[in-house]
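Enquirer: Predicted model, plus sequence, below.
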Amino acid sequence: MTQVAVIGSIIADMYVRTARVPAVGENLLAESLTVGPGGKGANAAVAVARAGAEAVLVGCIGDDDFGRMELNRLREEGVNVDAITVDPEVGTGTALVMIDADGENTILVIIGANDRLSAEAVHQALEVHRGTLDGILVNFEIPEDAVAAVVRAGRERGVPVVVDAGPPRSYARETWAECTVITPNALETATLVGHPVHGDAAAEQAARELLAAGPEAVVLKRGGDGALLLTAEQELHVPAFPVETVDTTGAGDAFSAALTIAIAEGLPLEQAVRRASAAGALACTQFGTMAAMPTRAEVDAFLAERMAEETRFF
């Protein structure tokens, strides 16, 4: 069985459905409140497990009800939680997620225990799985030295490392430059390159700047405009899959998890990005983050249906 380690955030999500985000000072009636487990790392680990791979999650929670909620759900999903640290001095990370009528999100985050994940804890956790890991996924919702430790460990062990460069953080190039693939969205890309990324030409230029920093590949996520794949040998636009969007919040996590599994299983990058795009699209069709992570069967069925549609068209 393919084994993937996910190093990243564990954050309890409080979802508020609202027609729109309130203006400053406005008292706006919302539609509903839902509380559940989440966090970019936890979501991706669940996506890995649902795709039929062995998921190992490395992260940090507080000794509180939110942390216990996360652990219980992760265990139910079949995620290996042995490398999750419980810090009694700080609370589990939490997020207030406002979802508007178009399914777009606005998020406030209290990072909490995620900020306590150390490079040493990462090293120890990955050392336990030395020789068995097929892929590693890390995000930026943990300290920079922990991200650097992940990339370094992957390089030393010859294991592909996918860096989900979210949320936007001005982490030094030395932190992520030696990863296998970096996959930011437009805002995250702008944060990394230091200038706005608007339009096709700007996206292509920014992707080249990121590639020049050292990764083997850049996969720039552009939402409805698809994804831009750039390596030293190829530049390719992978179209998005149109779906009826309910909530975009977990799409990036589903995308990155599917991309990491596909790379770990040896798929060519073009096919890996297409599977990742399908997983991200499916996540947009459901409300929530962790609950919206698709299974391998769902991604396979979705791709088969779209391929049949393309065949009929031609």
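Expert: That came through, no problem.

Enquirer: what ranges do the strands span in the stretch 151-300 of the chain?
Expert: Listed in chain order, the strands of the stretch 151-300 of the chain (DSSP state E, counting those that start in this stretch) span 161-164, 181-182, 217-221, 227-231, 235-238.

Enquirer: right, and these - which one's nearest Leu259?
Expert: Ranking the strands of the stretch 151-300 of the chain by proximity to Leu259 (Cβ to Cβ) places strand 161-164 first, at 5.9 Å. Any C-beta I mention is one placed from the backbone N, CA and C, and that applies to glycine too.

Enquirer: for the closest one, packing partners?
Expert: Counting by 3 or more Cβ pairs under 8 Å, 6 or more residues apart in numbering; DSSP states H and E, the packing neighbours recorded for strand 161-164 are strand 135-139, helix 144-157, strand 181-182, helix 251-264.

Enquirer: Take these and lay them out in a markdown table including distance to Gly194.
Expert: Output for the helices and strands packed on strand 161-164, formatted as a markdown table (distance: least, Cβ to Cβ, whole Å):
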| stretch | distance to Gly194 |
| --- | --- |
| strand 135-139 | 20 |
| helix 144-157 | 17 |
| strand 181-182 | 15 |
| helix 251-264 | 21 |
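
Enquirer: Contact partners for Leu137?
Expert: Contact partners of Leu137, counting by Cβ atoms under 8 Å, 6 or more residues apart in numbering, are 4-8, 44, 48, 161-162, 164, 256-257, 260.

Enquirer: export stretch 205-218 as PDB, just CAs?
Expert: What follows is stretch 205-218, C-alpha atoms only, in PDB (Å, rounded to 0.1, in the frame of the first residue of the first chain):
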ATOM      1  CA  GLN A 205       6.100  34.500 -15.400                       C
ATOM      2  CA  ALA A 206       5.600  33.800 -11.700                       C
ATOM      3  CA  ALA A 207       5.700  30.100 -12.300                       C
ATOM      4  CA  ARG A 208       9.000  30.500 -14.000                       C
ATOM      5  CA  GLU A 209      10.300  32.500 -11.100                       C
ATOM      6  CA  LEU A 210       9.300  29.800  -8.700                       C
ATOM      7  CA  LEU A 211      10.800  27.000 -10.900                       C
ATOM      8  CA  ALA A 212      14.100  28.900 -11.100                       C
ATOM      9  CA  ALA A 213      14.300  28.800  -7.300                       C
ATOM     10  CA  GLY A 214      14.800  25.100  -7.400                       C
ATOM     11  CA  PRO A 215      11.700  22.800  -7.300                       C
ATOM     12  CA  GLU A 216      11.500  20.100 -10.000                       C
ATOM     13  CA  ALA A 217       8.000  21.300 -10.900                       C
ATOM     14  CA  VAL A 218       5.500  24.100 -10.200                       C
END
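
Enquirer: in it, what's buried?
Expert: Buried residues in stretch 205-218, counted by 16 or more other Cβ atoms under 10 Å: 206-207, 209-211, 213, 215, 217-218.

Enquirer: any chance of the helices and strands packed on strand 161-164 in JSON lines, plus mean pLDDT?
Expert: Listed next are these as JSON lines, based on pLDDT from 0 to 100:
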{"stretch": "strand 135-139", "mean pLDDT": "98"}
{"stretch": "helix 144-157", "mean pLDDT": "98"}
{"stretch": "strand 181-182", "mean pLDDT": "98"}
{"stretch": "helix 251-264", "mean pLDDT": "98"}
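
Enquirer: Right, I'll call it a day here.
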